[in-house]
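1. Okay, here's the prediction I keep looking at, along with the sequence it came from:
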Amino acid sequence: MFTGTDIIKFFQENAALAVFFTVAAGFWIGKFRYKSFSLGTVTSVLLLGVLIGQMKINIPEPAKTLFFLMFLFAVGYAVGPQFFRGLKKDGLPQMGFAAVVCLLCLGSVWLCATIMGYNTAQAAGLLAGSQTMSAVIGAATDTIHQIPSLKNMDLSVMPVCYAVTYIFGTAGSAWILGTLGPRLLGGVNKVKEAARKIESLL
């Protein structure tokens, strides 16, 4: 009969199986829903990865980079056609709105990191997780390695900050937009009525 120690040793000796088990189990857990709340597959895989990561499983560096680049490719491949179609219709207002959002996101993270005394790696993890921008981890890692004074910085804290803040970046944002946001605008019924008026104009 397998014990907890045997399972940990098995995953440590078979890192690839640990990765695929995390993805498969995360997808399975992400399908569960309680009333209107659901973690979703991305958050479920992330949280399960944090738990399984406590087993101290050594994933080779080339494998980390490969899986991360595959994730970025999948995101770009899915969003690409919509991106160019969006530019054809109301492109300039969308670009202006995107610029404002980027500045606000970067400014709020910089302010929080300065107040809490975060170093560069922690601030990058905070930005990546709170804004649900996984690509920041790869960009920040490459940038830190290119700066001589930061080459010896401990980058292990970056994915930790990312994992913790990603939960709020997804579930917290959904709660604010779905619950608190409509109340600030006068209630759900008023928001629905305004949405219908906008739809009628399109």
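-> Looks like it came in fine.

2. Tell me how far Leu17 lies from Ile198.
-> According to C-beta to C-beta, to the nearest Å, Leu17 stands 50 Å off from Ile198. In short, each C-beta sits where N, CA and C put it, glycine included.

3. Lowest mean pLDDT among the helices and strands, pick that one out for the protein.
-> helix 61-88 (a mean of 72; mean pLDDT, DSSP states H and E).

4. quick one: low-confidence parts of the chain?
-> Where the chain drops to pLDDT under 70, the residues are 1-2, 4, 36-37, 81-91, 201-202.

5. which element is the residue nearest the centre of the chain on?
-> For the chain, Thr132 is the residue whose C-alpha lies nearest the centre (C-alpha atoms, centre = their mean; 3.2 Å). Assignment of secondary structure by DSSP states H and E places Thr132 within no helix or strand.

6. cool, and the one 10 residues further on?
-> Counting by DSSP H and E, the element that carries Asp142 is helix 135-146.

7. Follow the chain on from that helix and name the next helix or strand.
-> The element immediately downstream of helix 135-146 (helix or strand, assigned by DSSP H and E) is helix 157-167.

8. I'd say the residue nearest to the centre of the chain and Thr170 touch.
-> Yes. The pair Thr132 and Thr170 qualifies as a contact (C-beta atoms under 8 Å) at a distance of 6.0 Å.

9. Residues contacting stretch 151-169, please?
-> For stretch 151-169, contacts defined as C-beta atoms under 8 Å, 6 or more residues apart in numbering pick out 43, 46-47, 49-50, 118-122, 124-126, 128-132, 134, 137, 140-141, 144-145.

10. List the buried residues for that stretch?
-> Applying a neighbour-count criterion of 16 or more other C-beta atoms under 10 Å, one finds Met153, Leu155, Met158, Pro159, Cys161, Tyr162, Ala163, Thr165, Tyr166, Ile167, Gly169 buried in stretch 151-169.

11. just stretch 43-60 next, same as before
-> Burial within stretch 43-60, assessed by neighbour count using 16+ other C-beta under 10 Å, is assigned to Thr43, Ser44, Val45, Leu46, Leu47, Leu48, Gly49, Val50, Ile52, Ile57.

12. Looking at the residues you listed, which is nearest Ala194?
-> The shortest approach to Ala194 among the buried residues of stretch 43-60 belongs to Thr43, at 29.9 Å (C-beta to C-beta).

13. Could you list which residues are in contact with that closest one?
-> Thr43 makes contact with Gly30, Tyr166, Ile167, Thr170, Ala171, according to C-beta under 8 Å, 6+ apart.
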